[in-house]
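A.B. asks: sequence unknown, structure follows:
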């Protein structure tokens with residue numbers, strides 16, 4: 001049953017309110033604009049809150065497609081993810097989600113396993129989550145309640161201090177940290193909009209804040225980034241701030257400001273040099289929409305802090321119709337400035353689809369990696385199913401200062417109709433207004449609202465990336481001196497060129513005996529546990545010795561890049577059974593029950609059978625009258641070739657029958673006991 005379905009029933013409402021108060025009173029009842037269709041605001045709508053299930057904090061899971069590519073499902077918490085990565089550790093990432101309750105802050109310390117953390121918000125629910133790391137590992141979280149509030153974590157997002165009032169405004173905030181080693185190191189900058197656009201600063205790790213600059217802003221969409229001084233000599237010497245003015249709801253002007261004194265003052269650099277115009281179609285509710293769901297041409301900005309060729313370059317990435325005008329299809333555009341935002345390059349189209357005028361590209365997010373200057377970009381894209389608005393998430397990057405972008409790569413491993421469920425025409429139908437990508441020198445990680453199940457899942461993916469397949473996924477082995485192999489392959493990559501290194505562990509540790517895992521590769525490779533060219537594969541050998549205890553084990557295989565990212569995990573189920581012989585590790589194509597050998601026999605005989613699929617296996621012996629005389633096996637087995645022994649020393653001579661039963665196969669054969 002959907003959340004809020006019965007809010008019109010007084011008794012249910014009272015119960016629900018009591019429940020919310022018991023949970024801290026902050027979960028879902030966010031204040032609404034007086035008019036849901038007020039195009040000046042980007043708050044979630046009543047329809048949005050009434051339609052979707054409440055946040056679910058299930059254990060994150062990996063969704064792997066048939067080609068071996070992973071999407072990471074990280075809870076279901078509504079839309080609008082704000083994300084950051086520790087500049088000193090690519091494995092430490094964090095994001096918050098819109099309508100954030102105390103359980104909607106996700107963090108990882110190993111790049112693979114995501115955990116949820118709580119925080120005490122200053123009354124009501126918060127929204128518009130934005131995050132930032134400074135150079136010494138402090139993590140900051142900016143949210144909107146009645147104004148912009150900021151909290152700090154000193155342990156990578158696991159726990160949080162109290163929220164501090166930071167900046168006036170009730171819509172569309174932003175936050176950035178100076179993570180350089182310059183004179184303004186660890187300064188924090190934040191902003192918010194409504195009724196004006198305010199820029200605020202903290203010089204004491206977020207303990208206190210000062211409003212520095214206020215400018216008019218007719219629509220939401222302000223952003224902040226930090227870069228070097230105009231000549232590149234001073235780290236953190238430029239703080240950039242952008243707002244939007246013009247005709248609402250189709251903004252025509254980005255306004256760029258810059259501070260060269262650590263945010264103490266601001267100066268106007270340019271206004272109108274970038275004019276995004278329309279994104280999609282303007283409906284009668286004065287909303288820009290794609291398939292009836294609202295969108296915005298937010299300016300996503302970043303600066304190159306590296307010491308490379310493009311140090312100090314300022315980037316602005318946004319969505320805009322091509323050709324310009326209401327009702328056309330938007331592309332992802334990038335422009336850059338080499339003079340602190342005063343002048344801008346011509347636009348570069350990031351998406352490389354052959355027919356962009358028949359598909360929609362929108363909601364870009366960007367990240368400029370601080371050591372290499374690599375500019376990551378991700379966005380929504382309907383190129384694969386434009387007529388039905390079947391959406392995927394795509395990504396690309398530039399290593400030449402935004403002058404061109406590499407071949408686009410699809411990150412989603414499932415296409416879904418945008419939006420899901422559908423939106424009624426000419427309304428303010430909210431599906432989120434932005435999401436995020438972060439990056440390190442080797443790869444990036446994107447997170448987005450994913451509607452493949454018609455819920456607000458947080459879905460993520462590495463980029464560049466490699467696929468990972470293993471076979472078989474289940475094994476049965478003898479606990480005494482047995483060996484099997486698992487083939488580990490990288491069948492394809494998405495612009496990934498680094499090595500893929502593999503490790504494996506077994507759990508639980510056997511009470512008796514030993515399970516040894518090792519990797520085997522071609523002799524001309526420097527490392528037996530790594531791949532460096534693709535497609536390619538290696539073998540993992542599993543060896544039992546010393547009488548391994550009969551039970552189920554899990555082998556966990558990890559594949560990762562040289563800095564720990566990307567990282568992928570696969571598991572193999574191992575069953576150790578001693579007393580029934582497993583004949584090799586080959587998985588048969590078909591089920592088969594063989595004739596026993598020897599036959600006739602006295603008093604023992606061997607019964608071989610092949611299992612093409614795992615399942616419950618029953619092997620029984622009957623006399624000439626059809627009476628059951630012995631059950632040899634009745635348990636779960638993995639696919640494989642097996643041998644069972646029948647000892648008839650306590651039986652009389654005569655004809656017997658043995659019967660193999662599985663969920664997919666049954667067979668009976670005759671044998672003769674002669675004494």
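C.D. replies: Looks like it came in fine. The model shown is predicted, which means the values in this text are computed figures rather than measured ones.
A.B. asks: going forward, measure contacts between C-alpha atoms and count neighbours the same way
C.D. replies: Will do.
A.B. asks: what helices and strands are in contact with the strand or helix carrying residue 333?
C.D. replies: In this assignment (DSSP states H and E), residue 333 forms part of strand 330-337. Secondary-structure packing of strand 330-337 (3 or more C-alpha pairs under 8 Å, 6 or more residues apart in numbering; DSSP states H and E): strand 314-321, strand 348-349, strand 361-368.
A.B. asks: now that strand: buried residues?
C.D. replies: Residues of strand 330-337 classed as buried: 330, 331, 332, 333, 334, 335, 336, 337 (neighbour count, 16 or more other C-alpha atoms under 10 Å).
A.B. asks: now the angle from that strand to strand 314-321?
C.D. replies: 160 degrees (axes from the mean of the first three to the mean of the last three C-alpha atoms, to 10 degrees).
A.B. asks: just how off-centre is strand 330-337 within its chain?
C.D. replies: Relative to its chain's centre, strand 330-337 lies at 25 Å (C-alpha atoms, centre = their mean, to the nearest Å).
A.B. asks: likewise stretch 336-346?
C.D. replies: Counting by C-alpha atoms, centre = their mean, stretch 336-346 is centred 33 Å from the centre of its parent chain.
A.B. asks: what's the mean pLDDT across that stretch?
C.D. replies: The pLDDT scores in stretch 336-346 average 97.
A.B. asks: buried ones in that stretch?
C.D. replies: Within stretch 336-346, the residues that qualify as buried are 336, 337, 338, 340, 341, 343, 344, counting by 16+ other C-alpha under 10 Å.
A.B. asks: now, which of these sits nearest residue 615?
C.D. replies: Nearest to residue 615 among the buried residues of stretch 336-346: residue 336, at 59.8 Å, using C-alpha to C-alpha.
A.B. asks: find the nearest non-adjacent residue to the closest one, please.
C.D. replies: What sits nearest to residue 336 in space, not counting adjacent residues and going by C-alpha to C-alpha, 6 or more residues apart in numbering, is residue 315, at 4.4 Å.
A.B. asks: reformat the buried residues of stretch 336-346 as TSV; add distance to residue 531.
C.D. replies: TSV is the format used below for those (distance: C-alpha to C-alpha, whole Å):
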residue	distance to residue 531
336	37
337	40
338	40
340	43
341	44
343	46
344	43
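A.B. asks: how is this structure carved up into domains?
C.D. replies: The record's domain parsing of the chain by automatic domain parsing lists 31-463, 469-579, 592-673.
A.B. asks: select, out of the helices and strands packed on strand 330-337, the one closest to residue 112.
C.D. replies: With C-alpha to C-alpha as the criterion, residue 112 lies closest to strand 361-368 of the helices and strands packed on strand 330-337, at 20.2 Å.
A.B. asks: which strands border the closest one, and is each parallel or antiparallel?
C.D. replies: Sheet pairing of strand 361-368 (DSSP bridges) gives strand 375-385 (antiparallel).
A.B. asks: quick one: buried residues of the partner strand?
C.D. replies: Buried residues in strand 375-385, defined by neighbour count with 16+ other C-alpha under 10 Å: 375, 376, 377, 378, 379, 380, 381, 382, 383, 385.
A.B. asks: neighbouring contacts of it?
C.D. replies: Here strand 375-385 makes contact (C-alpha atoms under 8 Å, 6 or more residues apart in numbering) with 332, 353, 355-356, 358-369, 389-399, 401-402, 436-439, 444, 446.
A.B. asks: and those residues, which are buried?
C.D. replies: Burial by neighbour count, 16+ other C-alpha under 10 Å: within the contacts of strand 375-385 this picks out 332, 353, 356, 359-369, 389-399, 401-402, 436-439, 444, 446.
A.B. asks: where do the helices sit along the chain?
C.D. replies: Shown for the chain, the helices assigned by DSSP state H span residues 10-22, 46-51.
A.B. asks: weakest of these by average pLDDT?
C.D. replies: helix 10-22 (a mean of 31).
A.B. asks: okay, the domains of the chain in TSV with distance to residue 586 next?
C.D. replies: What follows is those, written out as TSV (distance: least, C-alpha to C-alpha, whole Å):
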stretch	distance to residue 586
domain 31-463	22
domain 469-579	9
domain 592-673	6
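A.B. asks: out of those, deepest packed?
C.D. replies: Among those, domain 31-463 has the highest mean neighbour count (mean count of other C-alpha atoms under 10 Å), at a mean of 22.
A.B. asks: partners of residue 115 in the sheet?
C.D. replies: residue 107.
A.B. asks: what's across from the residue nearest to residue 336 in the sheet?
C.D. replies: Here residue 315, judged by DSSP bridges, has bridge partners residue 302, residue 336.
A.B. asks: repeat that for the one 4 residues further on.
C.D. replies: Residue 319 forms beta bridges with residue 332, as assigned by DSSP bridges.
A.B. asks: quick one, what contacts it?
C.D. replies: By C-alpha under 8 Å, 6+ apart, residue 319 lies in contact with 276, 279, 297, 298, 330, 331, 332, 333, 361, 362, 363, 364.
A.B. asks: does the first one really touch residue 316, like I thought?
C.D. replies: No: contact status for residue 276 versus residue 316: not in contact, 11.0 Å apart, counting by C-alpha atoms under 8 Å.
A.B. asks: which residues are in contact with each of the two?
C.D. replies: Looking at what touches both residue 276 and residue 316 (by C-alpha under 8 Å, 6+ apart), there is no common residue.
A.B. asks: which regions of the stretch 501-650 of the chain lie under the pLDDT threshold?
C.D. replies: For the stretch 501-650 of the chain, the stretches with pLDDT under 70 are 522-527, 579, 581-582, 584-585.
A.B. asks: how far away is residue 515 from residue 540?
C.D. replies: 12 Å (C-alpha to C-alpha, to the nearest Å).
A.B. asks: for residue 157, same thing?
C.D. replies: Separation of residue 157 from residue 540 (C-alpha to C-alpha) stands at 36 Å.
A.B. asks: chain center to stretch 324-332: distance?
C.D. replies: Centre-to-centre, stretch 324-332 and its host chain are 29 Å apart (C-alpha atoms, centre = their mean).
A.B. asks: let me fix that, I meant to ask about stretch 343-354.
C.D. replies: Centre to centre, stretch against its chain (C-alpha atoms, centre = their mean), the figure for stretch 343-354 is 27 Å.
A.B. asks: compute the first-to-last residue distance for it.
C.D. replies: 30 Å.
A.B. asks: with stretch 291-298 instead?
C.D. replies: Rule used - C-alpha to C-alpha; the end-to-end distance of stretch 291-298 is 19 Å.
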